[in-house]
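Trainee: Generate a structure from the sequence data that follows.
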Amino acid sequence: MRRRDMLLLLAAVPAGCTSPDPALYVLAPLPGAVEGGGSRMVELRGIGLARYLERSQIVLSSESYRLDVLTNEWWGEPLDTMISRVLVQELTQRLPGSTVFPENGAIGANAVVTVAVNIQRMDADATGAVLLIAQVEVRGRSPVARNVRLTVSPTTAGTPGLVDAMSRGLAQLADIIAGMVSAA
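Mentor: Residues are numbered from 1 along each chain as shown. Here you go, the predicted model:
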């Protein structure tokens, strides 16, 4: 009898030690100002992402030589793929006369304009605001490149507020890119 109780106890211990499933988050496309510029085929190249952001876990901050990661709060898909998907949706809304497609998608049309984006930072700074630092290149008739630095304060606390601020930062980046594409 005692041996059976011990076996039941040992079987129950691993079940009590498991961590809960991670909470999964996604960035959301947000509307912005519509740009003119005519009908064009626009290809968004694969997103260049700082290596420290290439992880399932959401990076809270990279301030003060330290990487703070939310261990049980993860992205719902690889961050570079998600950023590309969101930017394609946002640019499609902002450039209604154009067809915007990702480089690594199923469509392989001949683009008149190509857009390349390097995300160098996208996490919270010392004040808790999201700092989005990126480089953007638009190649069309007149190629242009630009450094972008955006700061977006969360409107709510916790991870939902952080992810919302990141989504709003990407929407501001999409506004900038749409303007560059219109001028290209």
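Trainee: Which positions in the longest strand belonging to the chain come out as buried?
Mentor: Counting residues, the longest strand found in the chain (DSSP state E) is strand 113-124. Within strand 113-124, the residues that qualify as buried by neighbour count (16 or more other Cβ atoms under 10 Å) are 113, 114, 115, 116, 117, 118, 119, 120, 121, 122, 123, 124. C-beta here means a position set from N, CA and C on the backbone, and glycine is covered the same way.
Trainee: residues touching the second one, list them.
Mentor: Residues in contact with residue 114, defined by Cβ atoms under 8 Å, 6 or more residues apart in numbering, are 42, 43, 44, 45, 138, 139, 140.
Trainee: Closest one to residue 99 out of these, please.
Mentor: Nearest to residue 99 out of the contacts of residue 114 is residue 42 (Cβ to Cβ; 6.9 Å).
Trainee: How about the contacts made by the closest one?
Mentor: 91, 95, 98, 99, 100, 101, 111, 112, 113, 114, 115, 181.
Trainee: Which of the residues you listed scores worst on pLDDT?
Mentor: Here the lowest pLDDT out of the contacts of residue 42 sits on residue 111, with 85.
Trainee: any idea how far the residue lying closest to that residue once chain neighbours are set aside lies from residue 117?
Mentor: Among residues not flanking residue 111 along the chain, residue 43 sits closest, at 3.6 Å (Cβ to Cβ, 6 or more residues apart in numbering). According to Cβ to Cβ, to the nearest Å, residue 43 stands 12 Å off from residue 117.
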